[in-house]
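Colleague: coordinates only, sequence not included:
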């Protein structure tokens, strides 16, 4: 009798990652749900769910997590941080901090699981980026760059891993006002904004919080990730959410 498949999902303390962990567990998968600061109260108690600490910017943390997780069938790189503000309002240290999590963290986690996937000639990596990479938007230049880099990384990686029967896919969520992501991005801006853009910034923030137009829900992303992981015929890019689908022309 075969064992249930196991997925490791990063960034599960809230939002997309949390809903995706719930979804996979509901479908009978074993889930390794990782968080920088583990919280036992956010997921139901289940013998299918393990919560492990993970900081994707820390090589030691990655090594300990992968060792504790054991054999994996899929990796979902969901952990990410946001930035919504003008380029003049972010320091280069801030840019590097954003890329450390969104881009380098994704690459590091992928490197950590590839040996077992390649040797077993089986496995799936799904990288969660953003639909902002489909359409230029103001005040998102640095954030978009960090996610667009992951898109390019993923599409090239898929070609080099195909001979080993390892699949690599992208999920591109749209705007999700109901998650803490935007609020966290705004808090990260405090003390580093540029006054010349204040009026423009407030208009953009209002548009981001607007729920009268199509938006993305966490369940949309969970479904898209599930499809990307479990369906070998899933396309390279799967938009998630009504607004993301519209941007992708679907």
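Modeller: Yes, it's here. All figures in this text were calculated on a predicted structure; none of them were measured in a lab. Numbering: from 1, shown residues only.
Colleague: contacts for the host helix or strand of residue 221?
Modeller: Assigned by DSSP states H and E, residue 221 belongs to helix 218-230. Residues from elsewhere that reach helix 218-230 (Cβ atoms under 8 Å, 6 or more residues apart in numbering): 7, 15-16, 18-20, 22-24, 27, 74, 76, 78, 124, 126, 128, 169-171, 173-174, 176, 178-179, 234, 238-242. Placement of C-beta: from N, CA and C, glycine included.
Colleague: now, those that are in strands?
Modeller: In this view, these that belong to strands under DSSP state E are 7, 74, 76, 124, 126, 128, 169-171, 173, 238-240.
Colleague: if we can go back for a sec, what residues of the helix holding residue 221 count as buried?
Modeller: 218, 220-229 (16 or more other Cβ atoms under 10 Å).
Colleague: and which of the residues you listed is nearest residue 92?
Modeller: Nearest to residue 92 among those: residue 221, at 30.7 Å, using Cβ to Cβ.
Colleague: the closest one and residue 18, how far apart?
Modeller: 10 Å (Cβ to Cβ, to the nearest Å).
Colleague: break down the protein into its helices, ranges please.
Modeller: Taking DSSP state H, the helices of the chain run over residues 15-26, 59-69, 92-99, 105-120, 141-161, 181-189, 198-209, 218-230, 242-247.
Colleague: let me see the contact set for residue 145.
Modeller: Applying Cβ under 8 Å, 6+ apart to residue 145 gives no contacts.
Colleague: and the pLDDT at it?
Modeller: Residue 145 carries a pLDDT value of 98.
Colleague: could you measure from it over to residue 127?
Modeller: In terms of Cβ to Cβ, residue 145 sits 15 Å off from residue 127.
Colleague: repeat for residue 79
Modeller: Taking Cβ to Cβ as the measure, residue 79 falls 11 Å from residue 127.
Colleague: mutual contacts of those two, please.
Modeller: residue 106.
Colleague: any idea how far residue 79 is from residue 18?
Modeller: Here the distance between residue 79 and residue 18 works out to 12 Å (Cβ to Cβ).
Colleague: shared neighbours of those two, anything?
Modeller: Residues touching both residue 79 and residue 18 by Cβ under 8 Å, 6+ apart: none at all.
Colleague: which one's more surrounded, those two?
Modeller: Legend: neighbour count by other Cβ atoms under 10 Å for residue 79 and residue 18, higher for residue 79 (25 against 22).
Colleague: name the nearest residue to that one, ignoring sequence neighbours.
Modeller: Spatial nearest neighbour of residue 79, chain neighbours left out: residue 11 (3.3 Å); criterion: Cβ to Cβ, 6 or more residues apart in numbering.
Colleague: list the contacts of the one you found.
Modeller: Contacts of residue 11 (Cβ under 8 Å, 6+ apart): 17, 34-35, 78-80.
Colleague: ok, now with 10 Å
Modeller: Counting by Cβ atoms under 10 Å, 6 or more residues apart in numbering, residue 11 touches 17-18, 20-21, 33-36, 54, 56, 76-81, 101, 105, 128, 181.
Colleague: residue 84 and residue 205 touch, don't they?
Modeller: Yes: using Cβ atoms under 10 Å, residue 84 is in contact with residue 205, at 7.1 Å.
Colleague: settle it for me: which of these two has more neighbours?
Modeller: Neighbours were counted for residue 84 and for residue 205 using other Cβ under 10 Å; residue 84 has more, 20 against 17.
Colleague: how close does the more buried one get to residue 202?
Modeller: Per Cβ to Cβ, residue 84 is found 11 Å from residue 202.
Colleague: likewise for residue 54?
Modeller: The span separating residue 54 from residue 202 equals 35 Å under the rule Cβ to Cβ.
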